[in-house]
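Visitor: Below are the sequence and a predicted model for it; my questions follow.
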Amino acid sequence: MASDATTPRVRDAERTRAEIIDVATHEFADQGYAGARVDEIAAKTRTTKRMIYYYFGGKEGLFLAVLEQAYRHIRSLEQQLDVDDLEPVEALRQLAELTFDHHESHQDFVRLVAIENIHYAEHLRQSSSREVLAAPALDVLTRIIDRGRAAGIFRDDLDALDVHMVISAFCVFRGANRYTFRAIFDRDLLDPGLRDHLRTMIGDLVVAHLTSRP
């Protein structure tokens, strides 16, 4: 009987944590770390400020939980991509396009990354999950690159982190610099009319770089 009584409480706690993180994600992305208020987050959830402190230890712990959840989501999508059944070039292109799609549809993620960089990654540096947040992305890319090299398609002087940086830089730039880019060049990088062109571009860029000869 004890286990039957415990299970609903565990599920309720998990749902409450998930709800808090979901609301906090939008609040931190909109207001920044300094501007976000735990009181406001509590008011938008079915919980209290006291409960938020109970689950996360405070604002800093909550922001770290938000960051970790945001990174875990993109890592889980990368792991779901069945790259081993694709030719290396197509696998690389699909991974780049997956990142493009994710960052476009999760602008909160882009803003959270920008905010954390403003704070010199002081929160992520305290995370006990940093290896877990990094390893999946590099594992998928490494498998693609290794197969491409073995087939004589890809150059051998780049590693997975190089490629990850190029893909991330392109995809983050669209969201993080959308408004300044539009103000200066009068082009909205999230304009639906440009989407197919830019989505193809990132795949072309990465494939061309890995298949070129130094």
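Guide: Yep, that arrived. Every value quoted in this text rests on a predicted model; they were computed, and no experiment measured them.

Visitor: pLDDT-wise, which helix or strand of the protein ranks last?
Guide: helix 2-35 (a mean of 84; mean pLDDT, DSSP states H and E).

Visitor: Run the chain-centre distance for that one.
Guide: 19 Å (Cα atoms, centre = their mean, to the nearest Å).

Visitor: do the same with stretch 35-50
Guide: Per Cα atoms, centre = their mean, the centroid offset for stretch 35-50 relative to its chain is 24 Å.

Visitor: The least confident helix or strand of the chain: what's the following helix or strand?
Guide: Using DSSP states H and E, the next helix or strand after helix 2-35 towards the C-terminus is helix 38-43.

Visitor: on contacts alone, who are the packing partners of that next one?
Guide: helix 2-35, helix 49-56, helix 59-80 (3 or more Cβ pairs under 8 Å, 6 or more residues apart in numbering; DSSP states H and E). Where C-beta positions appear, they are placed from N, C-alpha and C, glycine not excepted.

Visitor: which one of these lies closest to His103?
Guide: helix 59-80 (8.1 Å; Cβ to Cβ).

Visitor: Restrict the closest one to CA atoms and write it as CSV.
Guide: The C-alpha trace of helix 59-80 is given here as CSV (Å, rounded to 0.1, in the frame of the first residue of the first chain):
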residue,chain,number,x,y,z
LYS,A,59,16.5,31.4,-8.5
GLU,A,60,20.0,30.2,-9.5
GLY,A,61,19.1,26.6,-9.2
LEU,A,62,15.9,27.1,-11.2
PHE,A,63,17.8,28.8,-14.0
LEU,A,64,20.3,26.0,-14.1
ALA,A,65,17.4,23.5,-14.3
VAL,A,66,15.9,25.4,-17.2
LEU,A,67,19.2,25.5,-19.0
GLU,A,68,19.8,21.8,-18.5
GLN,A,69,16.3,20.9,-19.7
ALA,A,70,16.8,23.0,-22.8
TYR,A,71,20.0,21.3,-23.7
ARG,A,72,18.7,17.8,-22.9
HIS,A,73,15.8,18.4,-25.4
ILE,A,74,18.1,19.1,-28.4
ARG,A,75,20.4,16.3,-27.4
SER,A,76,17.5,13.9,-27.3
LEU,A,77,16.5,14.9,-30.8
GLU,A,78,20.0,14.4,-32.1
GLN,A,79,20.1,10.9,-30.6
GLN,A,80,16.8,10.0,-32.2
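
Visitor: Which positions within that helix qualify as buried?
Guide: 59, 62-71, 74-75, 77-78 (16 or more other Cβ atoms under 10 Å).

Visitor: got it, and stretch 121-132?
Guide: His123, Leu124, Ser127.
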